[in-house]
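Chemist: need the 3D shape of this:
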Amino acid sequence: MTLSNDLRWRIIYKWLDGKSVEETAQDLLVNKRVVYRVRDIFHNVGSVVHEPMVRGRQPVFTLDDLKYFETILNNNPDMYLDELKQEMEAVVGRPLSQSMIYRALQRLNFTHKSVSIFPVILSYNQFLNILLKLCRPAAERSKFLRAEFRLRMAQYTPAQMVFADESGCNRRTASRAWGWAERGRRAQKHVISVRDKHWTVVVAIHIGGVLAYSIQDGSTNAEDFNEFVLEELVSTKFTFFVFRICRILNFIIRYRS
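Modeler: Coordinates of the predicted model:
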């Protein structure tokens, strides 16, 4: 016979009211052995039912630990596994592995995905850049121009190739592109949109490594790039490369101009 929890608690209430086992069994229409058994359970565990048996090893993270872990992920979705491991080691007070952190992410139903960075103050131009971000590469591609470029460059050997380009950077350059979020939700990180000092790095590389580089404040233009090629790249310390790369440098200068 299966007793409901309500009936079990009625047995305990009558016991606390001073009712005897016989009176309780007669009032609730149950066997006296049932009354004895329910009273013994309540006396041992403080409830009318036994606690379920937990088999296997106890989990490392408690429910409070997982809630704290979820709070960390919501505030910093772009943290790496080793950073999350260090953060949770300080909480649980024991060494952890990255596999434990990954299993905890699976328990929370978190997946790894691209981070959407939203400035706290979003200007109209920034909003348009977000909307047009996916359209720019498709508009600039041309199969015919790429085929023409490959045909023209096929006459040179790899040792004659010199590649030069510039890249801008500021404090937001190191922003991480991937993070953690619940399945079905975006990984979002809000950042303060501030105008920071902008730097431009111009680097020329060869099959043997970096030939020359230049760092300047602000953005670069065609005149700055030509000056870098003539003064930094084609210098006395690279004279043994001049004969091999002079034709490529002329092409680069014409292209950048």
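
Chemist: drop to CA atoms for contacts and neighbour counts, all remaining ones
Modeler: Noted.

Chemist: would you agree Ala164 falls within a helix?
Modeler: No - counting by DSSP: H, G, I helix; E, B strand; the rest coil, Ala164 is not part of a helix but strand.

Chemist: nearest spatial neighbour of it, skipping sequence neighbours?
Modeler: Ala204 (4.1 Å; C-alpha to C-alpha, 6 or more residues apart in numbering).

Chemist: please apply the same query to Val210.
Modeler: Nearest one to Val210, counting by C-alpha to C-alpha, 6+ apart, is Ala204 at 6.0 Å.

Chemist: what's the burial count for that neighbour?
Modeler: 19 (other C-alpha atoms under 10 Å).

Chemist: tell me where the stretch 51-200 of the chain has strands.
Modeler: 110-119, 163-169, 178-182, 187-191, 199-206 (DSSP state E, counting those that start in this stretch).

Chemist: circling back to that earlier point, how far away is the residue nearest to Ala164 from Glu166?
Modeler: 9 Å (C-alpha to C-alpha, to the nearest Å).

Chemist: and Asn76, by the same measure?
Modeler: 31 Å.

Chemist: what's the answer for Glu83, then?
Modeler: If you go by C-alpha to C-alpha, the gap between Glu83 and Glu166 works out to 32 Å.

Chemist: next one: Met88
Modeler: Separation of Met88 from Glu166 (C-alpha to C-alpha) stands at 40 Å.

Chemist: these two: which has the busier surroundings?
Modeler: Neighbours per residue (other C-alpha under 10 Å) separate Met88 from Glu166, with Met88 holding more: 21 against 16.

Chemist: got the contact list for that one?
Modeler: 69, 96 (C-alpha atoms under 8 Å, 6 or more residues apart in numbering).

Chemist: quick check: it vs Gly184, distance?
Modeler: 25 Å.

Chemist: any weak-confidence spans in the protein?
Modeler: 1, 53-54, 56, 116-141, 172, 174, 190-196, 235-257 (pLDDT under 70).

Chemist: residue nearest the centroid of it?
Modeler: Gly179 (1.5 Å; C-alpha atoms, centre = their mean).

Chemist: for it, which non-adjacent residue is spatially closest?
Modeler: Closest to Gly179 by C-alpha to C-alpha, 6+ apart is Asp78, at 3.8 Å.

Chemist: residues near that neighbour, how many?
Modeler: 23.

Chemist: could you shift the numbering so residue one becomes 6, and keep it that way?
Modeler: With 6 as the first residue, the last one maps to Asp83.

Chemist: ok, now which ones touch it?
Modeler: Asp83 neighbours (C-alpha under 8 Å, 6+ apart): 120, 181-185, 194.

Chemist: can you put these in CSV and add distance to Lys148?
Modeler: Output for the contacts of Asp83, formatted as CSV (distance: C-alpha to C-alpha, whole Å):
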residue, distance to Lys148
Val120, 31
Arg181, 32
Ala182, 29
Trp183, 31
Gly184, 34
Trp185, 37
Lys194, 37
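
Chemist: noted, bye for now.
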